[in-house]
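Engineer: next input, structure requested:
(chains A and B)
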Amino acid sequence: MIKKIATLTVIAFTILGCASSSSPSTYPAHKSASNVLRSATNEYIINNIPLDYKVSIVGYNSRFVNNLLEVQVDLKNHKQRQYELEYRVRWFDDSGFEVESTPWLPLTINAMEFRSIRQIAHSPKVESFKFYIRAKQ
Amino acid sequence: MKKSTIAISFVIGAFIVSGCTATATGVQYIDEEKMGTSTPVTLGLDYEDINRASLKLVNSMLRSSYLEKMYENKKRREGKPLVLMISDFTNDTTQRLDIDQIVKKIRIALLNSGRFIVTTAVRAGGAEDRATYELRKLRKNEEFNQRTIAKKGTIIAPDLSLSGKIIQRVTELPNGKQRVDYYIQMSLTDTNSGLAFWEGEEVISKAGSDKSVPW
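Structural biologist: Predicted coordinates for the structure are as follows:
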C-alpha cells in the first residue's frame, strides 16, 4: 500500500505563466511561438525520481488557440516494457486560482515510446496549467 | 448446551444487525482522485466513459479553426457569441441513455469558453424550456404588467445545431469474451448554410465476459 502511495502523483510538472524562456537543465529547452505566450514568469518542475527513471517528461509546449491555452507534454518511456499511467491537467487563471481540471485520464505508454499529450483549456481565463502524471491506481 | 446456543445466536444476531449499518455495507463516496481511473464495472456506458468522451469532443471542438472564424465574424458583426441549439441524437445502443448526460458536459464547457450560448427555446422535438413560450401566452393578460412580457420577435434563432448518434457494436472474441464498441459521433451544423463545420467521433471499447450484458 505504502509502495503504491509512493508512486502516486509521481511527476508533477508545473508551468506557471507558460514560460518558454528557461527550462531546467535536465530537460531540453523547447521553443514556443513567443507571440502567443502571454507571460514569462517563473516555472518549476517537481519530479519524482523513481518514475522518472522509467518514464520522464522530455519537453513541453504551450500556445493559445482561439484564445484558449493549449498544452503539449512530451513523455518518453526509457524501459523495454509497457506502463499503465494516468495524467491530469489543472488549469489556473492569472491570479493562480484553479479554473477547472480534467479527471485522471488513462495513458498506456509502450516500450521505449515517445508520446505527446495534448489538452486544451475550456476557458479563456486560463493562463497557466499544472500537469500531473502517476502510475495507474 | 442451551446457554451456548443462545450465546451463538446472539453473536450471529449481532453480526446481522451490524450488517445493516451503512459502514458495514461498504457504501462509500468515490474520491475525486480515484475517479476516471477505476476498472470498468460494466460493459455498458458509465459515468467515466461519458466524462472522458465529452472532454475529448469538447477539446476537438474548441480547436476547430472553422468555428473560430465563425465566432470572430459574429463577434465583429454583432458583438455576441454563437447561439447553439441541441438537435437530434440517435441512441442506437441496447442501453437506455439520457443524451443530456453527454450533451450537458459539452454545453457547460462551450458556455465557459465564452464562444457559445445554448438556446433552450428550440430543440428537436420541441422547446427544451417551455417557459419561453408559456410566458408569451400571457400577452394581453390583464393580470400581468405587459411591459414585463417579452415582445414579439425577441427570441434569438440559433447559428449552429449540435446533432449526434451513439452506436453500439458487439463482437464475440476468440477467448470466449465479448467486445463492445461504442461510437459517439457528433456534428455541428451551420443552420444558415446547412454545412457541418465540425465533426467529432469518440470510440469507447470494452471487453468482458460473454455472460455480462452491455446495458
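Engineer: use CA for all of it now, contacts and neighbours both
Structural biologist: Will do.
Engineer: next structured bit after the helix or strand of chain B with the lowest mean pLDDT?
Structural biologist: The helix or strand of chain B with the lowest confidence, counting by mean pLDDT, DSSP states H and E, is helix B:2-19 at a mean of 57. Next helix or strand after helix B:2-19 toward the C-terminus (DSSP states H and E): helix B:47-63.
Engineer: all strands of chain B, in order?
Structural biologist: Secondary structure of chain B (DSSP state E): strands at B:82-92, B:116-123, B:160-172, B:177-190, B:196-209.
Engineer: looking at these, which is nearest to A:V89?
Structural biologist: Of all those, it is strand B:196-209 that lies closest to A:V89, at 20.0 Å by CA to CA.
Engineer: what's the burial count for the nearest residue to B:L55 once chain neighbours are set aside?
Structural biologist: Leaving out its chain neighbours, the residue that sits closest to B:L55 by CA to CA, 6 or more residues apart in numbering or on different chains is B:I106, at 7.4 Å. For B:I106, the count of nearby residues is 21 (other CA atoms under 10 Å in any protein chain shown).
Engineer: am I right that A:W91 is in a strand?
Structural biologist: Yes - under DSSP: H, G, I helix; E, B strand; the rest coil, A:W91 falls within a strand.
Engineer: in which helix or strand does the residue nearest to it when sequence neighbours are not counted reside?
Structural biologist: Closest residue to A:W91 apart from its sequence neighbours, by CA to CA, 6+ apart: A:F129 at 4.5 Å. Assigned by DSSP H and E, A:F129 belongs to strand A:128-135.
Engineer: from the contact counts, what lies against that strand?
Structural biologist: strand A:11-15, strand A:83-92 (3 or more CA pairs under 8 Å, 6 or more residues apart in numbering or on different chains; DSSP states H and E).
Engineer: around chain B, pick out the residues from chain A.
Structural biologist: Residues of chain A found near chain B (CA under 8 Å from any CA of the partner chain) are A:65-66, A:68, A:86, A:102-106, A:119-124, A:136-137.
Engineer: let's verify A:Q72: helix, strand, or coil?
Structural biologist: For A:Q72, the assignment made with three-state DSSP gives strand.
Engineer: show me what contacts B:R179?
Structural biologist: Listed by CA atoms under 8 Å, 6 or more residues apart in numbering or on different chains, the contact partners of B:R179 are B:V170, B:T171, B:E172, B:L173, B:S205, B:K206, B:A207, B:G208.
Engineer: need those residues in JSON lines with neighbour count and distance to B:S87, can you?
Structural biologist: Output for those, formatted as JSON lines (neighbours: other CA atoms under 10 Å in any protein chain shown; distance: CA to CA, whole Å):
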{"residue": "B:V170", "neighbour count": "15", "distance to B:S87": "27"}
{"residue": "B:T171", "neighbour count": "12", "distance to B:S87": "30"}
{"residue": "B:E172", "neighbour count": "13", "distance to B:S87": "34"}
{"residue": "B:L173", "neighbour count": "13", "distance to B:S87": "36"}
{"residue": "B:S205", "neighbour count": "16", "distance to B:S87": "26"}
{"residue": "B:K206", "neighbour count": "17", "distance to B:S87": "28"}
{"residue": "B:A207", "neighbour count": "18", "distance to B:S87": "31"}
{"residue": "B:G208", "neighbour count": "18", "distance to B:S87": "33"}
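Engineer: of all the residues in chain B, which one is nearest chain A?
Structural biologist: Nearest residue of chain B to chain A: B:S113, at 4.4 Å (CA to the nearest CA).
Engineer: which ones are touching that residue?
Structural biologist: Listed by CA under 8 Å, 6+ apart, the contact set of B:S113 reads A:L68, A:H122, A:S123, A:P124.
Engineer: equivalent analysis for B:E68, please.
Structural biologist: By CA under 8 Å, 6+ apart, the residues touching B:E68 are A:N66.
Engineer: show me the shaky parts of the chain.
Structural biologist: Answering for chain A, as no chain was given. For chain A, applying pLDDT under 70 flags the ranges A:1-52.
Engineer: that's the other chain; I wanted chain B
Structural biologist: For chain B, applying pLDDT under 70 flags the ranges B:1-25, B:32-38, B:212-215.
Engineer: if we go to 50?
Structural biologist: Scanning chain B for pLDDT under 50 picks out B:21-22.
Engineer: before we move on, the earlier item: please save the CA atoms from the strand holding A:F129 in CSV.
Structural biologist: The C-alpha trace of strand A:128-135 is given here as CSV (Å, rounded to 0.1, in the frame of the first residue of the first chain):
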residue,chain,number,x,y,z
SER,A,128,-1.3,28.6,-16.7
PHE,A,129,-1.5,24.9,-16.0
LYS,A,130,-0.1,22.1,-14.0
PHE,A,131,0.4,18.7,-15.4
TYR,A,132,0.3,15.6,-13.2
ILE,A,133,1.2,12.1,-14.1
ARG,A,134,1.2,9.0,-11.9
ALA,A,135,1.2,5.2,-12.1
